[in-house]
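> Build me a structure from this.
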Amino acid sequence: MAMGRRDQRGVVLPSPVMMLSVVAVVMAAVAFVVTRGPQPAEREITTVAQPSTSATPTPSATAAPAPTRTPKPVVRKKVMVEVFNNTSTKGLAATASQKAATVGWQVVGTDNWYGSVPATTVYYPAKLKREGKQLALDLGIKRTAKAVDPMKLDRLTIILTGPLH
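Residues are numbered from 1 along each chain as shown. Have a look, this model is predicted:
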């Protein structure tokens, strides 16, 4: 009998320890992917001023603030305003025009408006946009819009759909 040769061929199956190790690695990879949070968001970094070690600031340490451009204040008495009533309530335009005149606006007329307006609005021509926004603030009107035809383009126009509050 010859001892060194074998004629049988077979398949070697992995041991149970090897199989458990492979399953553990796969489960760990799946758990990592599933439980990973979103990418960290960008954070704003602010600098904290350090106390100065010298008693007097050096000229290079102090910087002049950048000049800011302040718009000229609105001169209410120079701006003409027309007030229109778009409701069936009598005297609404007169009441609103008195309120506008009381805070300094130059009210030049009141009348009725025939048309469809969604809410009480201050209409302004392009050159009077700041003034239109100021008039709306003064009277508590929430809506402003560019003036449209047949509105005059040298004044502000208020169209009321209800009483001012």
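> What part of this structure, helix or strand, is modelled with the least confidence?
In the chain, no helix or strand scores lower on mean pLDDT, DSSP states H and E than helix 16-35, which sits at a mean of 83.
> Kindly export that helix (C-alpha atoms) in CSV.
The C-alpha trace of helix 16-35 is given here as CSV (Å, rounded to 0.1, in the frame of the first residue of the first chain):
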residue,chain,number,x,y,z
PRO,A,16,-18.6,27.9,11.7
VAL,A,17,-16.3,30.5,13.2
MET,A,18,-15.3,31.8,9.8
MET,A,19,-19.0,32.0,8.7
LEU,A,20,-20.0,33.9,11.9
SER,A,21,-17.1,36.3,11.3
VAL,A,22,-18.2,37.1,7.7
VAL,A,23,-21.8,37.7,8.9
ALA,A,24,-20.6,40.0,11.7
VAL,A,25,-18.6,42.1,9.3
VAL,A,26,-21.5,42.4,6.8
MET,A,27,-23.9,43.4,9.6
ALA,A,28,-21.5,46.0,11.0
ALA,A,29,-21.2,47.5,7.5
VAL,A,30,-24.9,47.7,7.1
ALA,A,31,-25.4,49.2,10.6
PHE,A,32,-22.7,51.8,9.9
VAL,A,33,-24.5,52.9,6.6
VAL,A,34,-28.0,52.9,8.2
THR,A,35,-27.1,54.8,11.4
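> in it, what's buried?
Within helix 16-35, no residue counts as buried by 16 or more other Cβ atoms under 10 Å. Yep, even glycine has a C-beta here, placed from its N, CA and C like the rest.
> again with stretch 99-110
Neighbour-count burial for stretch 99-110, counted by 16+ other Cβ under 10 Å, picks out 99, 100, 105, 107, 110.
> Tell me how far residue 151 lies from residue 89.
22 Å (Cβ to Cβ, to the nearest Å).
> any chance of the buried residues of stretch 99-110 in JSON lines, plus secondary structure, pLDDT and distance to residue 146?
Supplementary listing: those in JSON lines, determined by DSSP: H, G, I helix; E, B strand; the rest coil; pLDDT from 0 to 100; distance: Cβ to Cβ, whole Å:
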{"residue": "99", "secondary structure": "helix", "pLDDT": "96", "distance to residue 146": "23"}
{"residue": "100", "secondary structure": "helix", "pLDDT": "96", "distance to residue 146": "20"}
{"residue": "105", "secondary structure": "coil", "pLDDT": "95", "distance to residue 146": "19"}
{"residue": "107", "secondary structure": "strand", "pLDDT": "96", "distance to residue 146": "21"}
{"residue": "110", "secondary structure": "strand", "pLDDT": "96", "distance to residue 146": "22"}
